[in-house]
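Asks: I would like the atomic coordinates for the input below:
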Amino acid sequence: IADIEAVRLIQEQDTTGIAVDKSELKEELVNKVIEVSTAVQAYASENGDNELLESVNYSRSELLRSRDTILHDQSQLIHDKADAIIGSLGDYGVVAGDLSDLQTLIDDYVAIIPKPRTATSSKKTATEDLELHFKEADGILRNRLDKLSEQFRTSDPEFYTTFHNARMIVDRSKSTRLNSSHIPL
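Replies: Alright, predicted model coming up:
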């Protein structure tokens, strides 16, 4: 019973917070990526480096719509491009601390990517585990307790009858069904 309760708690766990955390972190990451990429774009434009300019040219909406692994790749690319010219980005509002913050956000985002899926999988596994625990509990009832209750048939008939009555499963849905001919139109 303790195992069933522990598995039930996993199964009923509210996982919406995980998705909210991921969404908030994605928003924070995209904001930092835009801050760094626009500085790199301004630097590239001023220096006539069209290749650099285009390699970091992502819009906020494009980044927000990106799949998780793609966003990671885009963010890391922008970080690495900025890191290569960090000494020149101070005039554009980006310093080494900004790149450190960006890398931390990238790493945090990579760590949170699988969490919603993992939580869903854990709940699915818990549901499957419940079935196994119920079968195990039924086996204990049928193969042990039902068998042991026989010794009370004559020595304590009231207990024996109460125990077996409690073990009967009543299907209330069958006893409360209406005959379709008696349903008012």
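
Asks: in the protein, which spans are helices?
Replies: 2-11, 16-46, 50-55, 60-65, 68-84, 96-112, 115-140, 146-149, 152-155, 157-167, 172-175 (DSSP state H).

Asks: can I get the ones you listed in CSV including distance to G90, mean neighbour count and mean pLDDT?
Replies: Yep, even glycine has a C-beta here, placed from its N, CA and C like the rest. Shown next, in CSV, are those (distance: least, CB to CB, whole Å; neighbours: other CB atoms under 10 Å; pLDDT from 0 to 100):
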stretch, distance to G90, mean neighbour count, mean pLDDT
helix 2-11, 50, 13, 73
helix 16-46, 9, 17, 93
helix 50-55, 17, 14, 96
helix 60-65, 24, 13, 95
helix 68-84, 12, 18, 96
helix 96-112, 9, 16, 95
helix 115-140, 36, 13, 73
helix 146-149, 80, 12, 87
helix 152-155, 87, 11, 90
helix 157-167, 78, 11, 87
helix 172-175, 73, 7, 64
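
Asks: give the contact list for the nearest residue to I106 once chain neighbours are set aside.
Replies: In this structure, I106 finds its nearest non-sequential neighbour in S75, 5.0 Å apart by CB to CB, 6 or more residues apart in numbering. The contact partners of S75, taken as CB atoms under 8 Å, 6 or more residues apart in numbering, are L29, V33, L63, L102, L105, I106, Y109.

Asks: could I get these as a markdown table with distance to A82?
Replies: Output for the contacts of S75, formatted as a markdown table (distance: CB to CB, whole Å):
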| residue | distance to A82 |
| --- | --- |
| L29 | 14 |
| V33 | 10 |
| L63 | 15 |
| L102 | 8 |
| L105 | 13 |
| I106 | 12 |
| Y109 | 17 |
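
Asks: could you measure from the closest residue to D101 other than its chain neighbours over to E24?
Replies: Of all residues not flanking D101 in the chain, K32 sits nearest, at 6.3 Å (CB to CB, 6+ apart). Applying CB to CB, to the nearest Å, the value for K32 to E24 is 13 Å.

Asks: likewise for N31?
Replies: When N31 is compared with E24 (using CB to CB), they lie 11 Å apart.

Asks: residues touching R153, list them.
Replies: Residues in contact with R153 (CB under 8 Å, 6+ apart) are Y160.

Asks: surely L63 and L71 touch.
Replies: Yes - between L63 and L71 there is a contact under CB atoms under 8 Å: 6.1 Å.

Asks: what sits in contact with each of these two?
Replies: With CB under 8 Å, 6+ apart, L63 and L71 have common neighbours V30.
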